[in-house]
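Engineer: Predicted model and sequence follow; I will ask about them next.
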Amino acid sequence: MDAILLKKYHGLGNDYLILDPNKNPLAPNTRNIELLCRRNFGVGADGILYGPIGGREPFTLRIYNPDGSLAEGSGNGVRIFAKYLMDEGYSSKGQLTLLTDGGQVLAECLAADCGQIRVNMGKPRFAGEEVPVAGMRDSEIINEPMVFHDRIYNTTCLFMGNPNCVIMMEEISKRKAVELGPYVEQAGYFPNRMNLQLLKVLDRDNLQIEIYERGAGYTLASGTGACAAAAAARRMGLVDGKVTVHMPGGNLLIEIMPEGNIFMTGPVEYVGEIRVAESFLA
């Protein structure tokens, strides 16, 4: 096997390695994903973006968590992947259709270097069957009590390209997200595991969240998490249609359209090219 060539990008500190099957012989599996994503013993990343599979639009993308599991979607991931496609010459038109396991999304570059990207993330789905939530498949889960780690939390669950659990609190922190996150991720309510956002409403135009992602743990930013938190707050009547979501890694602008589609706008930065030795993955 030849050396593996990776490109690294980040969106607000949420970093991904891009493994392009058109330029590499390596197919992702649990072992090599874990090796590459390890911070101290590998390259280090919050996940792997594998694509474009087929090389034509709609550009098919697979998103892997650091533990090797598949993620249906990632807001930061699709922004990063859109910039990569433009950087590598797969497209030059500035508007891209991407196909993930969570569905199709549309990305638009707002700057010449594609450093700011606006994505149509689709409509949030609150039905328990679609999230999914065991035992609540016939209802929507909006501010419903659930028990995690022997405590009751009012919880809103939705599918936003991946499953999300939003818990509103008066004060949020990394410590709280790290403590509660594993219990939410692995809770029996959620057969596909769960992403957690702790939500604090600052005012009708601003939200603050802390994030714990399934298969990844605590993260500095999440595009789908920001969309999910904004959708949950909007559904509860706490914000208006345009809101800035503040995260430890930075901010995203989330717009909720009258017909229900959610648009996310935020930055992407190219970090560099990494050549991984054949012996590292042997």
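Structural biologist: That came through fine. Being a predicted model, the structure only gives us computed values, none of them experimental.
Engineer: From now on I want contacts and neighbour counts done on CA atoms only, so please keep to that.
Structural biologist: Noted.
Engineer: Next, find the distance separating the residue lying closest to Gly223 once chain neighbours are set aside from Leu35.
Structural biologist: Of all residues beyond its chain neighbours, the one nearest Gly223 is Gly75 (3.8 Å), with distances taken as C-alpha to C-alpha, 6 or more residues apart in numbering. Look at Gly75 and Leu35: by C-alpha to C-alpha, to the nearest Å, they are 24 Å apart.
Engineer: how about the strands in the stretch 101-250 of the chain?
Structural biologist: 103-109, 116-120, 144-148, 151-159, 163-168, 195-203, 206-213, 217-219, 242-247, 250-256 (DSSP state E, counting those that start in this stretch).
Engineer: which residues touch Arg39?
Structural biologist: The contact partners of Arg39, by C-alpha atoms under 8 Å, 6 or more residues apart in numbering, come to Ala45.
Engineer: hang on, it is in a strand, isn't it?
Structural biologist: No. Counting by DSSP: H, G, I helix; E, B strand; the rest coil, Arg39 is not part of a strand but coil.
Engineer: burial of the nearest residue to Pro258 once chain neighbours are set aside, as a residue count?
Structural biologist: Among residues not flanking Pro258 along the chain, Gly241 sits closest, at 8.0 Å (C-alpha to C-alpha, 6+ apart). Gly241 has 16 neighbouring residues, counting by other C-alpha atoms under 10 Å.
Engineer: And Leu35, by the same measure?
Structural biologist: Leu35 has 18 neighbouring residues, counting by other C-alpha under 10 Å.
Engineer: Just the buried positions in the helix or strand hosting it, please.
Structural biologist: Assigned by DSSP states H and E, Leu35 belongs to helix 30-37. Within helix 30-37, the residues scored as buried using 16 or more other C-alpha atoms under 10 Å are 32-37.
Engineer: residue ranges of the helices in the chain, please?
Structural biologist: 30-37, 75-87, 174-185, 223-235 (DSSP state H).
Engineer: Take these and write them to CSV, including mean pLDDT and distance to Gly135.
Structural biologist: As requested, those are exported to CSV (pLDDT from 0 to 100; distance: least, C-alpha to C-alpha, whole Å):
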stretch, mean pLDDT, distance to Gly135
helix 30-37, 96, 31
helix 75-87, 96, 28
helix 174-185, 98, 16
helix 223-235, 97, 20
